[in-house]
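Asks: Build me a structure from this.
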Amino acid sequence: MIGRMGATTTYGWPTPNLTDPANGPQNIYDAATAIENTVKDTTTTDYTPAWSSDGSVQPGGTITKLGKYRVDHGKCSIWISFLGGASPSGGTGHLYIGLPVAPRAGLTFQIMDAWFWCPYAGGGVYKGFGRPYAGNLTMGLWFPTSASDTRLNQWTNATEGNGAGTGVPLIPSWYGMISNSEVVVQGSYFV
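Replies: Purely as a prediction, here's the structure:
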């Protein structure tokens, strides 16, 4: 039966042509090994995602940046967490998170879930999305402007001078991250 599958396969499994010499046990062994290697899990890899902005100051301070990813069959699955420590600071403009593997260049709009949690009064949980930029190692995030305005806007730090409540989301903070706040992105994209 293996020989009847044809020489071109979806997963790259070995398939002899009907004109190949008979070697049934070896053909079955090769096919079974290839199938096993296709369906097994790959290793999850840790990485430290970068945090950047397109403004005049790059974000800094005490922020724990964690990332995990794995690539299976042309898709990269990620989990990213940014946890604000005692004094996250700086970073004007739109904020971006670094990716472990560049998304496929031809797919210009891929999205995945993102959450922003702010523990302070006027904060809360903001559900948005992350957009990996095709062929690039950065991802922009979009969140509701505020608890009462659910239109999604790109994650933005406070204006020059860091006026409280001027970023996205509009939280009572001087920066896009404040102490004990957290951003989590989880999902997958094609590579």
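Asks: Can you name the helix or strand that the residue nearest the centre of the chain falls in?
Replies: With distances taken as CA atoms, centre = their mean, the residue of the chain nearest its centroid is residue 78 (4.7 Å). Residue 78 is located in strand 75-84, with elements delineated by DSSP states H and E.
Asks: Distance of the residue nearest to the centre of the chain relative to residue 185?
Replies: 7 Å (CB to CB, to the nearest Å). Glycine gets a C-beta too; all of them are placed from N, C-alpha and C.
Asks: hang on, the earlier thing: can you pull the contacts of the residue nearest to the centre of the chain?
Replies: 67-69, 99-100, 112, 185-189 (CB atoms under 8 Å, 6 or more residues apart in numbering).
Asks: same thing but 7 Å
Replies: By CB atoms under 7 Å, 6 or more residues apart in numbering, the contact set of residue 78 is 67, 69, 100, 185-188.
Asks: ditto for residue 86
Replies: Going by CB under 7 Å, 6+ apart, residue 86 touches 62, 179.
Asks: And it, what's its pLDDT?
Replies: Note on residue 86: pLDDT of 73.
Asks: Same question for residue 158.
Replies: So, for residue 158, pLDDT stands at 66.
Asks: when you give positions from now on, start the count at 58
Replies: Will do, 58 is the new start, and the previous item becomes residue 215.
Asks: List of residues touching the helix or strand hosting residue 171?
Replies: Element membership for residue 171 (DSSP H and E) is strand 169-175. Strand 169-175 is contacted from outside by 181-187, 198, 200, 226, 228, 235, 238-246, using CB under 7 Å, 6+ apart.
Asks: what do you get for stretch 185-192?
Replies: 156, 159-165, 167-171, 173, 196-201, 209, 242, 246.
Asks: mind listing which of these are in helices?
Replies: Judged by DSSP state H, helices contain none of those.
Asks: Which members of those residues are classed as buried?
Replies: The neighbour-count test (16 or more other CB atoms under 10 Å) marks 156, 159-161, 167, 169, 171, 173, 196-201, 209, 242, 246 as buried among the contacts of stretch 185-192.
Asks: Assign residue 82 to helix, strand or coil.
Replies: Three-state assignment for residue 82 (DSSP: H, G, I helix; E, B strand; the rest coil): helix.
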